[in-house]
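*Asks:* Next come a sequence and a model predicted from it.
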Amino acid sequence: MRGLNGKRIVVAGGATGIGAATAERLAEEGCRVLIGDLNLAGAEATAGRITAAGGTAVAAAFDLADEESVKALFERAAAELGGVDGLFNVGADLSPDTIGRDADLSGMDVAVWRRTLEVDLIGYAHTCRTVIPYLLESGGGAIVNTSSSAAFVGEPLRPAYAAAKAGVNALTRHVASRWGKEGIRCNGVSPGLVLSETGLATMSEEFKAAVLGAIRTPRLGKPSDLAAAAAFLLSDDAAWVNGQTWSIDGGGSLHD
């Protein structure tokens, strides 16, 4: 892809799954990558694979729910990489204690809603707000936020998660509208069911078969599918794409 070689990209949530695959894809395209995650061991493993393949990557511990931790992440990126040209937001609280208790409204747990919004939406607002001055200093740059098909389809469960991801879509449009004229592009990717490490470990064959039957392609998603889309949106090939959220879900959701 054009314009990725040499770019300095922060992957906020790159220990495993889509984040790890995207960090590795960006490094293959010649980016220098800082991988932040609450799971430092996982981030270090991702960075290790990249450096073993000849790329440049640094791992850092950070917490999306902690504003000071977010600031420290970008300070580390600026120090280690010499600046920041792009951000891929992919972190979320998918723990059983949070998303596993995200019931329908009749069983609503306010603590689950607060935690979900704090990490999955307010955390993205913190990272976007923090990276924007670095991008302006670099003459512009790109942000890609990870949304979810849950924001569109109207699931019977996970309303807090869906609301957070709908908020991420609104945040994406806001950043594009406010800073687009200053050279900052902000777009989103909205995955459907992706066979990440967590998904493979937790999803039954019956569930996977049901999802496969409902989409319009002959296989389920892989982290590399999202990595390819995110890399494109961070590249100069996407120079005229701004404020969009793309469904990368095998045709599972069809909408304008």
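*Replies:* In hand now; what should we look at?
*Asks:* For the longest helix anywhere in the chain, could you pull out the residues that count as buried?
*Replies:* Of all the elements of type helix in the chain, the one with the most residues (DSSP state H) is helix 159-179. Using 16 or more other CB atoms under 10 Å as the test for burial, helix 159-179 gives 159-169, 171-173, 175-176, 179. Quick note: C-beta positions are derived from backbone N, CA and C, even for glycine.
*Asks:* sec struct for Val33, please.
*Replies:* strand (DSSP: H, G, I helix; E, B strand; the rest coil).
*Asks:* Would you confirm that it contacts Ala53?
*Replies:* No - if you go by CB atoms under 8 Å, Val33 and Ala53 don't touch, sitting 11.9 Å apart.
*Asks:* In terms of packing, which of the two has more residues around it?
*Replies:* Val33 (28 against 11; other CB atoms under 10 Å).
*Asks:* show me what contacts the more buried one?
*Replies:* 9-11, 14, 23, 26-27, 47, 50, 55-58 (CB atoms under 8 Å, 6 or more residues apart in numbering).
*Asks:* how about 10 Å then?
*Replies:* Counting by CB atoms under 10 Å, 6 or more residues apart in numbering, Val33 makes contact with 7-11, 14, 22-27, 46-47, 50, 55-59, 77, 81, 86, 88.
*Asks:* where exactly do the helices run in the stretch 51-200 of the chain?
*Replies:* 67-81, 110-117, 123-137, 150-153, 159-179, 197-202 (DSSP state H, counting those that start in this stretch).
*Asks:* still on that earlier bit, give the other helices and strands that the longest helix of the chain contacts.
*Replies:* Other helices and strands packing on helix 159-179, by 3 or more CB pairs under 10 Å, 6 or more residues apart in numbering; DSSP states H and E, are strand 86-89, helix 110-117, helix 123-137, strand 141-146, helix 150-153, strand 184-191, strand 245-248.
*Asks:* who touches both of Val33 and Ala53?
*Replies:* Glu24, Ala27.
*Asks:* Need the pLDDT of Gly252.
*Replies:* For Gly252, the model assigns a pLDDT of 89.
*Asks:* what's the distance between it and Leu220?
*Replies:* Distance, Gly252 to Leu220, by CB to CB, to the nearest Å: 10 Å.
*Asks:* Flag the shaky bits of the chain, pLDDT-wise.
*Replies:* By pLDDT under 70, the weakly predicted segments of the chain are 198-202, 256.
*Asks:* quick one, which residue of it lies the farthest from its center?
*Replies:* Ser106 (29.9 Å; CA atoms, centre = their mean).
*Asks:* count of neighbours near the residue nearest to Leu64 when sequence neighbours are not counted?
*Replies:* Closest residue in space to Leu64, ignoring its immediate chain neighbours: Gly123 at 3.1 Å, by CB to CB, 6 or more residues apart in numbering. Per other CB under 10 Å, the neighbour tally for Gly123 reads 27.
*Asks:* Pretty sure Gly123 sits against Thr146.
*Replies:* No - checked against CB atoms under 10 Å, the pair Gly123 and Thr146 is beyond contact range at 11.4 Å.
*Asks:* mind checking the end-to-end distance for stretch 113-133?
*Replies:* One end of stretch 113-133 sits 30 Å from the other (CA to CA, to the nearest Å).
*Asks:* List the buried residues in that stretch.
*Replies:* 113, 115-128, 130-132.
*Asks:* give me phi/psi at Val11?
*Replies:* phi -110, psi 110 (degrees, to the nearest 10).
*Asks:* list the contacts for it?
*Replies:* 18-24, 26-27, 31, 33-37, 43, 46-47, 57, 86-91, 144, 230.
*Asks:* beta partners for it?
*Replies:* Ile35, Phe88 (DSSP bridges).
*Asks:* Next up, phi/psi of Gly48, please.
*Replies:* Dihedral angles for Gly48 - degrees, to the nearest 10 - are phi -60, psi -40.
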